[in-house]
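>>> got a predicted structure here, sequence first:
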Amino acid sequence: MTLIRDEDGAAGSKILACKVAQHWTLPGAIFKPGESEEDCQARGLRHCTGLATGERVKVYEGAHTIVFVASADKASRSTKGKLVTAWLTEAQFLSNTAPTANALFTKVFADVRSKAVAQSTVISKLRDGRILYAIQFDQLLPNLDGKDEWLPQEPHYVHAKNAADANEQFNQMIGPHDIVRVVATAPAIGFFEDEKGVLHG
């Protein structure tokens with residue numbers, strides 16, 4: 001399967017989804033004998049959407065499913081994509097996946113966010129050894145229809161000795177009526193401190 005976002009993975013970005021049997025899923029294909037993972041991924045994306053694959057990285061491998069995060073060469077789109085497609089938020093996507101696939105996609109999205117947070121060599125560090133952690137979390141909020149759904153929020157940043165300490169600090173700042181779930185905690189990307197200890201991002 002292929003996960004393509006309309007921007008660089010920031011909160012609020014949308015996912016390219018395709019519809020199979022009235023449910024949303026990611027573009028993909030079933031392995032053919034002798035086919036490589038990369039060839040299967042490219043074939044599935046092209047078959048479902050008409051798009052050619054750009055840069056890609058494997059982010060999830062389960063017993064029966066492999067997921068790549070990829071860019072797409074939109075200029076190469078053919079007129080022969082076989083499925084209905086749409087750009088959806090994670091919440092929109094998960095609200096109408098096949099019941100047997102919902103847990104899988106929830107895990108995939110969490111894994112992708114976790115890897116994105118951790119992929120940097122630029123990490124803020126204090127003199128006492130604490131580093132800057134980014135906590136990616138969802139909050140249960142009402143949607144336009146008045147129904148509660150999990151919505152991704154902007155990351156919360158905190159200096160901590162480790163991820164457990166970061167999560168403990170995060171839990172202490174949550175309001176008494178806020179319902180949240182942490183999906184990823186990792187050293188923050190793109191931050192550094194100058195010689196005076198001023199944080200820059």
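Looks like it arrived, so ask away.

>>> beta partners for Leu88?
Ile15 (DSSP bridges).

>>> contact partners of stretch 60-71?
Contact with stretch 60-71 is made by 1-5, 26, 37, 41, 45, 53-59, 104, 107-108, 111-112, as judged by C-beta atoms under 8 Å, 6 or more residues apart in numbering. From N, CA and C alone the C-beta is placed, and that goes for glycine too.

>>> got the buried residues for that stretch?
By 16 or more other C-beta atoms under 10 Å, the buried positions in stretch 60-71 come out as 60, 66-70.

>>> where does that stretch sit relative to the chain's centre, distance-wise?
12 Å (C-alpha atoms, centre = their mean, to the nearest Å).

>>> equivalent analysis for stretch 27-42, please.
22 Å.

>>> mind checking the end-to-end distance for it?
10 Å (C-alpha to C-alpha, to the nearest Å).

>>> quick one: average confidence on it?
For stretch 27-42, the mean pLDDT works out to 91.

>>> for that stretch, buried residues please.
Buried-residue list, stretch 27-42, by 16+ other C-beta under 10 Å: 27-29, 40-42.

>>> the residues you listed in helices, which ones?
40-42 (DSSP state H).

>>> any chance of the residues you listed in a markdown table, plus distance to Leu144?
Output for these, formatted as a markdown table (distance: C-beta to C-beta, whole Å):
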| residue | distance to Leu144 |
| --- | --- |
| Cys40 | 38 |
| Gln41 | 34 |
| Ala42 | 37 |
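
>>> what's the closest of those to Ala17?
Gln41 (16.0 Å; C-beta to C-beta).

>>> measure the closest one to Thr49 for me?
12 Å (C-beta to C-beta, to the nearest Å).

>>> again with Glu55
Relative to Thr49, and taking C-beta to C-beta, Glu55 is found at 17 Å.

>>> kindly report the same for Val182.
Val182 is 32 Å from Thr49, by C-beta to C-beta.

>>> between those two, tell me which one has more neighbours.
Thr49 (23 against 16; other C-beta atoms under 10 Å).

>>> mind listing what that one touches?
16, 18, 27, 72, 77, 81, 83, 85.

>>> from these, which single one is nearest Ile135?
Leu16 (26.9 Å).

>>> neighbours of the closest one, how many?
22.

>>> and it, what's its pLDDT?
91.
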